[in-house]
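Asker: Give me coordinates for this.
(2 chains)
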2 protein chains.
Amino acid sequence: MEFGKNNTPFREDEFAQRLVSTKRAMEAAGLDVLIVCDPANMNYLTGYDGWSFYVHQAVIVAQDLDQPLWVGRNQDVNGAHLTTILSEENVIGYADEYVQSLTRHPMQVVASTIAERGLGSGRIGVEADSYYFTARAQAVLADELPDAVFSDAGVLVNWLRCVKSDAEIALIRQAARITERIMQRAVDLIDVGVPQSEVAAAILETGVRGIPGEGGYGGDYPAIMPLMPSGVGTSCPHITWRDEPFLAQTGTTVEIAGVRHRYHAPMSRTVYLGTPPQKMLDAAKIVDEGIDAGLAAARPGATAHDVYAAWSGVIARHGIFKESRCGYSFGLNYPPDWGERTLSLRAGDQTVLQPNMTIHFMPGLWLDDWGIEISEPIRITQSGVEQFCTFSRELVVK
Amino acid sequence: MEFGKNNTPFREDEFAQRLVSTKRAMEAAGLDVLIVCDPANMNYLTGYDGWSFYVHQAVIVAQDLDQPLWVGRNQDVNGAHLTTILSEENVIGYADEYVQSLTRHPMQVVASTIAERGLGSGRIGVEADSYYFTARAQAVLADELPDAVFSDAGVLVNWLRCVKSDAEIALIRQAARITERIMQRAVDLIDVGVPQSEVAAAILETGVRGIPGEGGYGGDYPAIMPLMPSGVGTSCPHITWRDEPFLAQTGTTVEIAGVRHRYHAPMSRTVYLGTPPQKMLDAAKIVDEGIDAGLAAARPGATAHDVYAAWSGVIARHGIFKESRCGYSFGLNYPPDWGERTLSLRAGDQTVLQPNMTIHFMPGLWLDDWGIEISEPIRITQSGVEQFCTFSRELVVK
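Answerer: Model (predicted):
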């Protein structure tokens, strides 16, 4: 896939469709204006792609405006011209004196941009619990736009992202080829005496290098760094690597994602060096059986809860109870998470599955001092499930 | 350097000192309690290290408590036991049903933890503009603790981090050895026809692999991904790599950091493939001259403004005006930024430089359709400046 003439991986009409859907959802929520600060949502609506989310920035969607507005640091205006579909006049920069200042705040510029377009007394939605939208950002907006009525729009745009277009699915499939390569490299390298950092280095290298050769393509950075806790660390799913070597008679869980144009395909496997204890062999079988049951339950019309119930029914028969969710929606994202914060495969989540939803089915078992993780990225099809990756689910024993 | 018995790179008494300083700063700000959500500050106060900041979590410091409290997801409790100096009873987990839920919020658990310790009617500070502390987090806290008086503690802990201990400086020096290796690898690889993603892959691989051999050590992940805009992209400092190959007669700016136990040593250089236009050669000389002037001005007692003024005086003599800051404090960090959001080298910043402050002196020039970046990570010494890295500042021409 090549960048289109518009320098994004998508056609202009796909962005137009996303905007229409967003405005429709805003209307249902009673919103005239939506301030979008989640970098993935900013990308989704405009194409914007840059590592600039460490300063405040926003995309503003208004019912009365034909295009969204991008507001960011002056330094990043050129990047917005280069990576978005927006017309030049819809890209607004703020001076560097607003950056990390005690006396000025970038949300003052977002507010004045809204006010200048006559939208300052409207009903304005914010993504109140999204990454990078701080308590102070909300306070400044409220101060600067006293006539506006603010409300929490929640993850309104994230819900739209939940069902992928075919063009998005094509990118995830490309990412999945990278995922398989990364996992194979990790499995090949993990061995007694090899420093954990060396394997992490190889994982990142393989992921960003992507698919070599004719018809190949590069990879992008993952929204979560390689997670590969080892030994007692396997009871802690989110610790990263250390200098220490992998030890004999220990397990290592590897959670990684190939990424293409910010679209992820996450997957996990578990490696054991030595002769696995019976409890781990048993757990691997149970997880495999649980995945089969979950995948069989996943289809259009079923709920997220149904898939969770199928999985937890299997492990309950083996006397295991696991309170945490066993999956979530994934796709386009930036650090700190490749999950979309919408549907979760867990008790009570009544989200109805639809074709082209993409879910990381992630039935890890983390116990007192060890854990096992075997997971699959899947797509809901017209009748069931497509598995993005082809990679043996067995516990890898070396 | 090895992990101490406490499993962090620091001695227990260093954490004790950090806590004393934090409580003193809280007292000056009239605070009984401080809720810390910035992952770097959480690490600074407790040692906590994990990629779990994509869910809400906090460290609570109270004048009346001997140790901070860590509150996070149940799944991450084992990670907190493994990586922090905290006693078991000071690590509090919340159930998975609080994660990305529409009906529950993790800050309810933070609030109840505070209330249960009799601190619910105190003066509570929050880091209102810090990453990962959302508008909703603040709203939930306010709802759950109606008797508390909340105020914005700003970057109170970040300011304490601004002056490093010798143990922290030792880690940054280790990171700087990795930085030099990364930059050399990048400079060696960038060439006409080489895909950008291949160089990015090598940068990440080199950084995480670290220093090989006897006395070597592994690297950690950077808080900012490799930035290497090329061609017209050099006018956009924060765009990341693409598949496209490097082209003849274009410049590429490379901004990277070696990292050791979350401590960074950031640096930038510029590479030109072909015969550089005179304006770029001129700019490289001006930047070099400006760095010398800035470094000469940087010493204890000088202000951040003074260093900026020395730099901007040089470029002004050459007819260049640059509004953006030319440096910032760096050190311990997590994505999305290795900067500390405290002192900036810019007009009007009256922060007085002190020994063991660490600053990324970053006098980039980004112009209409091209840019140049040559930067140095430095430490303020008793009398002047230590440059962490040894790497020619010349424009690299290949």
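
Asker: need the residues of the stretch 151-300 of chain A near chain B, please.
Answerer: By Cβ under 8 Å from any Cβ of the partner chain, the residues of the stretch 151-300 of chain A that approach chain B are A:152, A:154, A:195-198, A:200-202, A:204-210, A:217-221, A:224-225, A:227, A:232-233, A:235-243. Just so you know, the C-beta spots here come from the backbone N, C-alpha and C atoms, and that holds for glycine as well.

Asker: Filter those residues down to the ones in helices?
Answerer: A:196-198, A:200-202, A:204-209 (DSSP state H).

Asker: wait, which of those is closest to chain B?
Answerer: A:S197 (2.8 Å; Cβ to the nearest Cβ).

Asker: which residues of chain A fall in helices?
Answerer: A:12-28, A:39-46, A:77-83, A:106-116, A:135-144, A:156-161, A:166-189, A:196-209, A:278-297, A:304-317.

Asker: Could you export those as TSV, including mean neighbour count and mean pLDDT?
Answerer: Output for those, formatted as TSV (neighbours: other Cβ atoms under 10 Å in any protein chain shown; pLDDT from 0 to 100):
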stretch	mean neighbour count	mean pLDDT
helix A:12-28	15	97
helix A:39-46	26	98
helix A:77-83	23	92
helix A:106-116	20	98
helix A:135-144	20	98
helix A:156-161	22	98
helix A:166-189	20	98
helix A:196-209	25	97
helix A:278-297	18	93
helix A:304-317	20	95
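
Asker: ok, and what's touching stretch A:87-104?
Answerer: A:55, A:67-77, A:80-81, A:84, A:105-106, A:108-109, A:113, B:154, B:323-325, B:328, B:339, B:341, B:344, B:346 (Cβ atoms under 8 Å, 6 or more residues apart in numbering or on different chains).

Asker: what residues go with each domain of chain A?
Answerer: If you go by automatic domain parsing, the domain ranges for chain A are A:12-161, A:166-397.

Asker: Include distance to B:R177 when you put those domains into JSON lines, please.
Answerer: Formatted as JSON lines, the domains of chain A follow (distance: least, Cβ to Cβ, whole Å):
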{"stretch": "domain A:12-161", "distance to B:R177": "24"}
{"stretch": "domain A:166-397", "distance to B:R177": "14"}
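
Asker: closest to B:R117 out of those domains?
Answerer: domain A:12-161 (22.7 Å; Cβ to Cβ).

Asker: how far does the closest one sit from the chain's center?
Answerer: 20 Å (Cα atoms, centre = their mean, to the nearest Å).

Asker: gap between the two ends of that domain?
Answerer: 17 Å (Cα to Cα, to the nearest Å).

Asker: Which of the contacts of stretch A:87-104 fall in strands?
Answerer: Among the contacts of stretch A:87-104, DSSP state E puts A:69-73, B:328, B:339, B:341, B:344 in strands.

Asker: Buried subset of the contacts of stretch A:87-104, written for PyMOL?
Answerer: Those of those that count as buried under 16 or more other Cβ atoms under 10 Å in any protein chain shown are selected in PyMOL with:
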select buried, (chain A and resi 55+67+68+69+70+71+72+73+74+75+76+77+80+81+84+105+106+108+109+113) or (chain B and resi 154+324+325+328+339+341+344+346)
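
Asker: I'd assumed A:D147 was in contact with A:I114.
Answerer: No. With contact defined as Cβ atoms under 8 Å, A:I114 and A:D147 do not form a contacting pair (10.8 Å).

Asker: who touches both of these two?
Answerer: A:G120.

Asker: What is the burial count for A:G384?
Answerer: Counted by other Cβ atoms under 10 Å in any protein chain shown, the residues lying close to A:G384 total 15.

Asker: What is the burial count for the nearest residue to it once chain neighbours are set aside?
Answerer: Of all residues not flanking A:G384 in the chain, A:R299 sits nearest, at 4.9 Å (Cβ to Cβ, 6 or more residues apart in numbering or on different chains). For A:R299, the number of neighbouring residues by other Cβ under 10 Å comes to 17.

Asker: Make sure A:R299 is actually in contact with A:S383.
Answerer: Yes. In terms of Cβ under 8 Å, A:R299 counts as a neighbour of A:S383; the distance is 6.2 Å.
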